[in-house]
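Participant: Just the structure for this:
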Amino acid sequence: MILVIVAIVLILFLGIGLYNANKLQHIHIQKTVHIQSDLQTTFDNVVYLKNFTKWSPFYEADPTQKVSIKGTDGQVGAQFHWEGNNGKDLGFQETKEIRLLKYIKMECDIQKPFKAKPTFEYSFLKTGTLIKVTQDFKLKSGLVDAFFMWLFGAKKDMEKMNARGMELLKIASEK
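Facilitator: Below you'll find the model as predicted:
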């Protein structure tokens, strides 16, 4: 009888987990911030990877991480590499598209603590005296990875990190 109950609970848990994991295979998080600054300063804080440590929530969480920039900063193909958390975090992001003062697309290649290839897209719009910056984060993953993201609540962590990054971009741009 106990084995039957354990089996039912396990099957129910896996069923709920796989159902929720299926919804996490395609994650899209959008965050918007309004910044009291000029468009050029705000755009430059994103397009020039040398500025990333000013507003990166990951750098804020681990300011001892090693970072480097490869390629021509501010141009398509530039890469921001990081290694942090005593070697447990490793990856890079690459600038893939730039539309001057309007749009930037970056693709990440995360190797540790898990493998992922999210994209970040930033759009910039001057609205009166404010700059509206919208960040679109997208991540596709397999069912097994999505199951573990569901199990550990990773989407909520991603949402918090993205929101914090936009807050820090606002602070850095308004200085």
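Participant: on contacts alone, who are the packing partners of the helix or strand harbouring Lys155?
Facilitator: According to DSSP states H and E, Lys155 maps onto helix 154-174. For helix 154-174, the packing partners by 3 or more CB pairs under 8 Å, 6 or more residues apart in numbering; DSSP states H and E come out as strand 26-35, helix 39-47, helix 52-55, helix 57-61, strand 130-140. Quick note: C-beta positions are derived from backbone N, CA and C, even for glycine.
Participant: Identify each buried residue in stretch 34-47, please.
Facilitator: Using 16 or more other CB atoms under 10 Å as the test for burial, stretch 34-47 gives Ile35, Ser37, Leu39, Thr42, Phe43, Asn45, Val46, Val47.
Participant: mind putting the residues you listed in CSV, pLDDT and distance to Val67 included?
Facilitator: What follows is the buried residues of stretch 34-47, written out as CSV (pLDDT from 0 to 100; distance: CB to CB, whole Å):
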residue, pLDDT, distance to Val67
Ile35, 98, 24
Ser37, 96, 24
Leu39, 97, 26
Thr42, 98, 21
Phe43, 98, 21
Asn45, 98, 16
Val46, 98, 16
Val47, 98, 17
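Participant: Going by distance to Phe120, which of those residues wins?
Facilitator: Nearest to Phe120 out of those is Val46 (CB to CB; 9.1 Å).
Participant: residues touching the closest one, list them.
Facilitator: Going by CB atoms under 8 Å, 6 or more residues apart in numbering, Val46 touches Ile104, Tyr122, Val133, Leu169.
Participant: hmm, which two among the residues you listed are most spread apart?
Facilitator: Among those, Ile104 and Leu169 lie farthest apart (CB to CB), at 11.9 Å.
Participant: Neighbour count for these two, which is higher?
Facilitator: Neighbours per residue, other CB atoms under 10 Å: of Ile104 and Leu169, the larger number sits with Leu169, 26 against 22.
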